[in-house]
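have a look at this prediction, sequence included:
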Amino acid sequence: MASYIVRRLGYMLITLVFVTVVGFFIIELPPGSYLEFHIQSLRQQGGDVTPDQIAALERRYGLGDPVHVRFYKWISGFPRGDFGQSFQHQRPVGELIWSRLGYTLLISVLTLIISWGIAIVVGVYSATHRYTIPDYLITVLQFIGLAIPNFLLALVMMIVLQQTFGMRVGVLYSREFRDAPFSIAKLLDLASNLWVPIVILGVAGTAWTSRVMRANLLDVLNMQYVQTARAKGVYEPKVIWKHAVRNALHPLVMTLGLALPGIISGEVIVSTVLNLPTSGPLFFQALIQQDMYLAGTFLVFFAVALLIGNLLADIMLAWLDPRITYR
Amino acid sequence: MTDITVEKIAAEAGEEISTVGEIPQSKLIWMRFSRNKLALVGGVGLIIMYIIVALGPFIASNHFRNQNQDYLYGPPTPVTFRGADGRLGLRPYTYEYITRLDQESFKFVFDFDRDTRLPLEFFVRGDEYELLGFIESNVHLVGVQGEQRFYPLGTDALGRDVFARLLVGGQVSLTVGLVGVALTIILGSVMGTISGYFGGAVDDVMQRVIELILSFPTVPLWAALAAALPPISRSFTAIHRFFLITVILSLVNWTGLARQLRGKVMGYAESDFVMAALAVGASDARIIFVHMMPNASSHIIVVAALAIPGMILGETALSFLGLGILPPAVSWGSMLTQAQAVPVVIEHPWLMTPGIAVVLAVLFYSFLGDALRDAADPYSI
């Protein structure tokens, strides 16, 4: 097991190098650069930009260098925690992204845990009550949950919360807690705001996971060992939860690696709609304004989160299912 | 010499042959498919949607770019079947609107004068339009004669007909999925088959490339690629942009199909029918296209049908964020950008109608995809 994890980490490192190359390449794709954008806005403000000034700006941002030199400069800073300078914010990228990435991950992981918790219970219920009215109702809700784009759900939630409850959406902390030091009260305040994006993000995932859970459990319930357990007179909830559900969970854990990219993608959009101080708004702004190091670093870190998520999913699967052996 | 067939033997013995097991696979698939009522709802719903959207410029009363400066954020025009004498009839009427400046908010509000009825007429001449790209006309399905215009879903910030934009935007949003899936199928099946059939180094490289693509979350990757597209100009039109957006969407999607097909092809390579084909000297191309592809076709169709809703949602999200379809083109996502501010939506809820259209389209496609998945394997219980 340990050697498997070490080898997986080695693979991850290689993938990571390629991820940075691809990330840099994509961010380099747009015609023109931030500099042109910057000069244009300076000219629009009425200021004249002389060729000397342009040359100075180019030198400052290192934009005159050939591509591979710039890539090397960018990536060689990574081990030191230096991800380049954000043009737009005039600050190092590292300073800008940590707290935002942290909140994105916090929201994503919480969403994953909560939606799985609900989905497993719902899936078990609808599998054990197949073809009853609640089961049909759940199926309809699942289809609708999967069909609503999450940004639309975010809009609707925002309207409903603001109109009927007068709640302010789009903040993580209330005003009095924003700069307060960490405390239990601050944590509770965060929780009172965080449930909105979690609910919005969780809907599609819960719908999908509970459908998979239902199908898996139906397969397992047909197996003979379940019948044997029942024939022995084992208490029915014990048959379901101890014998059947545990085996129905494996395919679900295998999809964990697939669920994470969906949730991170969703978080990026939803937080942009809600204007939460997480990765979404800053990332899209950076893309539109061609703030390349900022956007590129975000892209790389999203990929890192995914790679780690996949590794954890594999380890969890091995821990859950002793039949799986890793060579 | 006479032919001895099952029929003859049965006829001599005076027995009837059972038809069990003689139902062709295609019929079995159809039987399984049509048993699923939701699938029929999805299929019929989609056909209706595509027809309405294709005839959009004719069905809507106004041109989707026409701006009515006197009716900004105008509410939907009410329709009544009650004539001037107060009796219900077959002729629909609408009312004349009166513009009034609200003294409190200093905004124009539109009141409808319930006493002056304007008859809604069919086949009214109005804005010029082009239907399906080659029919030029100015006849609209319904409309009002004279100054006032008919807006069944109101107007947006620039006084444009939301209904007309919904139909024209649907042309983009509903074709993104189809074009994208076509590209996904082509890329996915070519790459997957090559990878599975030839194996070795080709396979290794292909699998690493797929892993690399899958190690980015989709939406940020799509957004970064879409941000790289040049702005719309004379040489880079809205149609080019539309096409490249679908390419971007399928760039991620093909990986899933490629992986599954690779597995299938690897399985077929061991099978007797491929061995037989190899033994009689069939070329690689013949084995792939004549022997393997038809076997995998039902699988490809299912994957395709299940991929379309994701693409529609992807386009909508990208356009909503201002990275997908850009003006002068319209799509459901780009229409929803106007509905981003909560106060605007609360005052003008009709701006949210494209959202309903998206949900319906995705729902119909999911019904269809689900049923196809069950039907593709008609021998399962």
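Structure received.

tell me the contacts of the residue nearest the centre of chain A?
Centroid-nearest residue in chain A, with CA atoms, centre = their mean: A:Ile264, separated by 1.8 Å. Residues near A:Ile264 by CB atoms under 8 Å, 6 or more residues apart in numbering or on different chains: A:104, A:108, A:302, A:305-306, B:217, B:220. Bear in mind the C-beta positions are built from the backbone N, C-alpha and C, glycine included.

list just the nearest of those residues to A:Pro134.
Closest approach between the contacts of A:Ile264 and A:Pro134, by CB to CB: A:Ser108, at 30.0 Å.

buried ones in the helix or strand harbouring the closest one?
Element membership for A:Ser108, per DSSP states H and E: helix A:93-128. Of the residues in helix A:93-128, A:93-94, A:96-97, A:100-101, A:103-108, A:110-112, A:114-116, A:119-120, A:122-128 count as buried by neighbour count, 16 or more other CB atoms under 10 Å in any protein chain shown.

again with stretch B:92-101
Counting neighbours by 16+ other CB under 10 Å, one finds that the buried residues in stretch B:92-101 are B:92-97.

quick one: the strands in the chain?
All of this is about chain A. A:85-86, A:91-92 (DSSP state E).

not quite, I wanted chain B
B:80-82, B:88-101, B:108-131, B:135-144.

and the longest one, what does it pack against?
So that's strand B:108-131. Applying 3 or more CB pairs under 8 Å, 6 or more residues apart in numbering or on different chains; DSSP states H and E, we find strand B:108-131 packed against helix B:56-59, strand B:88-101, strand B:135-144.

taking the mean pLDDT, what do you get for the shortest one?
Spelled out, it's helix B:56-59. Mean pLDDT, helix B:56-59: 80.

try the second one
Per-residue pLDDT values across strand B:88-101 average out to 74.

and for stretch B:183-191?
Throughout stretch B:183-191, pLDDT has a mean value of 87.

off-centre distance for it?
Relative to the chain's own centre, stretch B:183-191 is displaced by 19 Å; criterion: CA atoms, centre = their mean, to the nearest Å.

about what we covered before: which of the strands of chain A is buried the deepest?
strand A:85-86 (a mean of 21; mean count of other CB atoms under 10 Å in any protein chain shown).

ok, A:Leu141 touching A:Ala207?
Yes. When contacts are counted by CB atoms under 8 Å, A:Leu141 is listed as touching A:Ala207 (7.1 Å).

residue numbers of the stretch 101-250 of chain B in contact with chain A?
B:208, B:211-212, B:214-221, B:223-225, B:227-228, B:230 (CB under 8 Å from any CB of the partner chain).

now stretch B:337-354: buried residues?
By neighbour count with 16+ other CB under 10 Å, stretch B:337-354 contains the buried residues B:338-340, B:342, B:345, B:348, B:350-354.

which members of the residues you listed occur in helices, if any?
B:342, B:345, B:353-354 (DSSP state H).

as a markdown table, these with pLDDT and distance to chain A would be great.
Listed next are these as a markdown table, based on pLDDT from 0 to 100; distance: CB to the nearest CB, whole Å:
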| residue | pLDDT | distance to chain A |
| --- | --- | --- |
| B:Val342 | 75 | 5 |
| B:Val345 | 78 | 6 |
| B:Thr353 | 86 | 11 |
| B:Pro354 | 88 | 9 |
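
the longest helix seen in chain A packs against which elements?
Taking DSSP H as the criterion, chain A has its longest helix at helix A:184-221. For helix A:184-221, the packing partners by 3+ CB pairs under 8 Å, 6+ apart come out as helix A:93-128, helix A:133-147, helix A:150-164, helix A:246-254, helix A:256-274.

which one of those lies closest to A:Arg8?
Taking CB to CB, helix A:256-274 is the member of the helices and strands packed on helix A:184-221 nearest to A:Arg8, at 12.2 Å.

could you pull out the buried residues of the closest one?
Buried residues in helix A:256-274, counting neighbours by 16+ other CB under 10 Å, are found at A:256-257, A:259-274.
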